[in-house]
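Undergrad: please find the sequence and the predicted model below.
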Amino acid sequence: MYYSNKGIRWILLVSFLFVASLCGYIYYIYSHTYNDIINNVDARLLNAAQSVKFILGEDYHNNITGPKHIDAKSYLKKSKQLSEFAMQLELEYVYAMILEGDQVYFSASSYTNNDIKNDKLTYFYDLYPEATESNIKAFYSTGPVFEHSEDQWGHFRSIFLPFQSADGRTYLTGADITVTDLNEQLTASVTQAVITACFFFFIAILVGALYIYLLKQNLTRDPATGFANHIALERKLHQTPQLHMQLAIILVSDLEEIIGFYGSHIGDTVMHKLLTRLDKLKSNECSLYRLSSNKIALLTTHINNHEFVRQIENLNKNTPILCDPFIYVTLCAGIASGNKTLLIENARIAVEQAKRSRELIVFYSDAMNTIKHQYQHNIKIAKDVREAFKTAQVHAYFQPIFSTDGNEILMYEGLARIKMKDTLYEPNYFLSVVNRSRMDGQLTRMIFLDCVMRFRKTDLCWSMNLTAQDMLDPSLAAFFDDELKRYPTPQKITFELIETEAVANFNEVKSFISMVKRHGAKVFIDDFGTGYSNISNILKLEVDGIKIDSSLVSQIVKDEEIFLFIQHIASFAKKVGLTLIAEGVENKLVVDKLAQAGINYMQGYYFAEPAQALAQVEQELSAKAS
């Protein structure tokens, strides 16, 4: 109904615009045609009025004293000449007039056939009682006078042209054309304009309809294969009256590798072959679409899981899709049934699950609502993170790093936290969203500046974490370069780099480390033991210390091999002058075992929890000491 009403509104709008444009066009044509006709008529009238003088002769109006000035025979001869002249110019009348007192008299006039039949000929010195004010004023004018007038002979446009006879008397020559003739010309012109406008409007509608048809075809067709695309699928779902339908999305898992190896042309050929094969396998109730470069969709109003499974299994047989070159493809599919408004989203969730679990077909079910809720939860987290960054609710919380005996604080580590509506969120809640949103650099800047504000005027050492993305960002490297120049004691700052990221981007990280160490800052490797765990690579980076990952530290009490590994690292670090810190220390047993392994510095909840205010950390330490 919505689309129907929308279509009606468009039709009404187009109709209104057409009528308005047509009216404007007609008015324009009417105005210009009217002016052209009037100008043409006036020129003809002026020419006729001037010619009357020469037809009558120069001395015709000399010494007129009354009706006996000219005999009837001579007058009728002149009238006949004037009538023939008027007929040639397609005028109604041509004539001459004189003024006696305030009365106007005809001195000559043409006639028409109707005038002869009705015995209404005008004779010399006939009174013209219908003379208008303009007619009388023309006797005192120095130029032609035009007017519209109506009398017993009809409705005319007239001209009065003043002349003087030899005896000094003013007389007028004139000519009339009927307004009916003018109206007929205008009507013909306007009719022609309407016909022309309607013709061009029809042509425009035809061209527009053809253009819209071709545009819809292009928008709803995949140009590489010619099959319907995702726009056609969405339109089908909107337009169909059926509320419950079934949709299968088939993923060609290795198409990207095929395109990368053979090129996009071969990839499109593969998809065309698959679509053609599926088009032959599917029933008449199914509609087929190419959703994206590597996805195909099957839509049906008849929910039949067995039919869909059969079609997909037939596609997945171990036969090559192309023989030149030989290309095999691996498929997986997600199938969703139910409300059409949720079909596409649910089928996509199902096919992603099939891809992750390496299954041929996965049906969307209530059990998969958990995944859907996770997506919705991720969206909520992303919204919360954006709001936190926008309203400056991202803060650094500080956790001290102690000597093994707990009497010395080596440094404070600045840890990112988000606090919204009295709820404190730790990094495992928001870091994945920050990474996906490419907000790592913004978070790093905020934590660094927060730490600078807290420690600039103190004599305390502090550290913070950096990601590979941070170190690969030229603008962030320039930021640290400028900030370290301004910081009064950069040697008290330590940057912690994750081991796996540091080794994977060795050259770039090495350059970043050289820059910060040039200012006097220190660099530690964080989460040691979770990645490559190659001490030689770490030594090549010329770092100042190592932090052993909490996953190893937590197992030191129960796992003798891990104890020996940490003991070996502690011994080696002491020999090469590296500071070694164990993080994630939770209890006294772990503290004692680390001390036995030779670890001098530790960090964890056993000693102190991260806190926003340094005074709060000191207060917690005092409470534990007492």
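TA: Thanks, I have the structure now. As the structure is a computational prediction, the values presented were derived from the model and not from experiment. Numbering: from 1, shown residues only.

Undergrad: same for the helix or strand harbouring L172, what does it pack against?
TA: For L172, the element it lies in under DSSP states H and E is strand 170-178. Applying 3 or more C-beta pairs under 8 Å, 6 or more residues apart in numbering; DSSP states H and E, we find strand 170-178 packed against helix 2-56, strand 93-100, strand 154-164. Glycine gets a C-beta too; all of them are placed from N, C-alpha and C.

Undergrad: and the most centrally placed residue in the chain, how far is that from L552?
TA: In the chain, the C-alpha nearest the mean C-alpha coordinate belongs to L219, at 15.4 Å (C-alpha atoms, centre = their mean). Here L219 is placed at a distance of 57 Å from L552 (C-beta to C-beta, to the nearest Å).

Undergrad: ditto for I231
TA: Distance from I231 to L552, by C-beta to C-beta: 53 Å.

Undergrad: what's the answer for R235, then?
TA: From R235 across to L552, the span is 57 Å (C-beta to C-beta).

Undergrad: higher neighbour count, these two?
TA: Per other C-beta atoms under 10 Å, whichever of R235 and L552 has more neighbours is L552, with 22 against 15.

Undergrad: secondary structure element holding the more buried one?
TA: helix 550-553.

Undergrad: which residue ranges of the stretch 501-626 of the chain form strands?
TA: Using DSSP state E, counting those that start in this stretch, the strands of the stretch 501-626 of the chain run over 522-528, 545-548, 579-583, 601-603.

Undergrad: which of those strands sits most buried?
TA: Ranked by mean neighbour count, these are led by strand 545-548 with a mean of 26 (mean count of other C-beta atoms under 10 Å).

Undergrad: partners of it, with directions?
TA: Applying DSSP bridges, strand 545-548 is found paired with strand 522-528 (parallel), strand 579-583 (parallel).

Undergrad: and those strands, which one averages the lowest pLDDT?
TA: Of all these, mean pLDDT reaches its minimum on strand 522-528 (a mean of 90).

Undergrad: sorry, back to before: and the helices and strands packed on strand 170-178 as CSV, adding distance to A478 and mean neighbour count?
TA: Output for the helices and strands packed on strand 170-178, formatted as CSV (distance: least, C-beta to C-beta, whole Å; neighbours: other C-beta atoms under 10 Å):
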stretch, distance to A478, mean neighbour count
helix 2-56, 53, 13
strand 93-100, 96, 22
strand 154-164, 86, 20
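
Undergrad: ok, which of those comes nearest V351?
TA: Taking C-beta to C-beta, helix 2-56 is the member of the helices and strands packed on strand 170-178 nearest to V351, at 29.1 Å.

Undergrad: quick check, A354 in contact with L251.
TA: Yes: if you go by C-beta atoms under 8 Å, A354 and L251 touch, sitting 7.3 Å apart.

Undergrad: list residues touching both of those two?
TA: 332-334 (C-beta atoms under 8 Å, 6 or more residues apart in numbering).

Undergrad: which of these ranks first by neighbour count?
TA: Per-residue neighbour counts (other C-beta under 10 Å) across these peak at A333, which has 29 neighbours.

Undergrad: looking at this, that residue is in a helix?
TA: No: under DSSP: H, G, I helix; E, B strand; the rest coil, A333 sits outside any helix and is assigned strand.

Undergrad: quick one: residues contacting it.
TA: By C-beta under 8 Å, 6+ apart, the neighbours of A333 are 248-251, 308, 312, 350-351, 354, 360-362.

Undergrad: who does it bridge with?
TA: Beta-bridge partners, per DSSP bridges, of A333: I250, I361.

Undergrad: where's it relative to E561, distance?
TA: As judged by C-beta to C-beta, A333 and E561 stand 45 Å apart.

Undergrad: next: I259.
TA: In terms of C-beta to C-beta, I259 sits 46 Å off from E561.

Undergrad: neighbour count: the two, which is higher?
TA: Taking neighbours as other C-beta under 10 Å, I259 and E561 compare with I259 leading, 17 against 8.

Undergrad: show me what contacts the more buried one?
TA: Counting by C-beta under 8 Å, 6+ apart, I259 has contacts 266-267, 293.

Undergrad: hang on, the earlier thing: closest one to A209 among the helices and strands packed on strand 170-178?
TA: For the helices and strands packed on strand 170-178, the distance to A209 is smallest for helix 2-56, at 11.3 Å, taking C-beta to C-beta.

Undergrad: now do the closest one and strand 93-100, the angle between them.
TA: 60 degrees (axes from the mean of the first three to the mean of the last three C-alpha atoms, to 10 degrees).

Undergrad: farthest residue from the center of the protein?
TA: Farthest-from-centroid check, the chain (C-alpha atoms, centre = their mean): K68, 91.4 Å.

Undergrad: need phi/psi at that one.
TA: When read as degrees, to the nearest 10, the backbone of K68 gives phi -90, psi 10.

Undergrad: could you measure from it over to L127?
TA: Using C-beta to C-beta, K68 is found at 16 Å from L127.

Undergrad: equivalent analysis for F495, please.
TA: 119 Å.

Undergrad: for E483, same thing?
TA: Computed with C-beta to C-beta, the distance linking E483 and L127 is 111 Å.

Undergrad: the more surrounded of the two?
TA: Per other C-beta under 10 Å, whichever of E483 and L127 has more neighbours is E483, with 16 against 11.

Undergrad: pull out the buried positions in the helix or strand that the more buried one is a member of.
TA: Using DSSP H and E, E483 sits in helix 474-486. Residues 476-477, 479-480, 483-484 are the ones in helix 474-486 that count as buried (16 or more other C-beta atoms under 10 Å).

Undergrad: enumerate every residue touching F402.
TA: Applying C-beta under 8 Å, 6+ apart, the residues contacting F402 are 408-410, 601-603, 607.

Undergrad: all good on my end, thank you.
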